[in-house]
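Novice: Got a sequence here, can you build the structure:
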Amino acid sequence: MYFRLDCDLFQDRKLKRLMRRWQNDGLAVYLALLCEIYRDKGYYIVADKDLIADIADTCLLDDDRTSNIFRDCIELGLFDRQLYEHRELLTSRGIQARYLDIMAVSYTHLRAHETLRH
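Specialist: Presented below is the predicted three-dimensional model:
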């Protein structure tokens with residue numbers, strides 16, 4: 001699986017605020033979370049007890065710093081707060097929209113490939 005990284009990523013005010021607070025560590029944690037989301041279910045991930053440790057290991061950060069950055073991602077609205085608080089799911093409307101785009105492109109490519117084979 002892959003995900004699109006928009007060229008205007010650094011114009012996102014929420015991400016700018018995260019990076020102002022945490023510098024490159026904030027960006028690394030956010031991108032690592034996106035990679036986990038798109039790699040696992042495609043549009044969400046269950047924020048279980050191991051997620052923070054896994055992200056900390058990926059980003060070479062300690063668990064406390066990673067946990068604080070994670071909380072800021074939620075507070076800043078980079079992920080849907082309600083879904084996280086009520087169901088421990090990490091996602092957002094943007095993530096879900098990109099997932100649908102990925103599936104549409106994949107389906108189109110698959111259909112084109114099948115057409116060429118026949």
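Novice: use CA for all of it now, contacts and neighbours both
Specialist: OK.
Novice: helix or strand right after the longest helix belonging to the chain?
Specialist: If you go by DSSP state H, the chain has its longest helix at helix 13-40. As assigned by DSSP states H and E, the chain's next helix or strand after helix 13-40 is strand 45-46.
Novice: quick one: Cys73 from Ile102, how far?
Specialist: Per C-alpha to C-alpha, to the nearest Å, Cys73 is found 24 Å from Ile102.
Novice: neighbour count winner among these two?
Specialist: Between Cys73 and Ile102, Cys73 has the larger neighbour count (other C-alpha atoms under 10 Å), namely 23 against 17.
Novice: Next up, the contacts around Asp72.
Specialist: Counting by C-alpha atoms under 8 Å, 6 or more residues apart in numbering, Asp72 makes contact with Leu18.
Novice: My guess is Glu36 contacts Tyr43. True?
Specialist: No: applying C-alpha atoms under 8 Å, one finds Glu36 not in contact with Tyr43, separated by 9.6 Å.
Novice: Which one of the two is surrounded by more residues?
Specialist: Tyr43 (21 against 18).
Novice: Which of the helices or strands spans the residue nearest to that one when sequence neighbours are not counted?
Specialist: In space, and not counting its chain neighbours, Tyr43 is closest to Gln96: 5.3 Å by C-alpha to C-alpha, 6 or more residues apart in numbering. Using DSSP H and E, Gln96 maps to helix 93-117.
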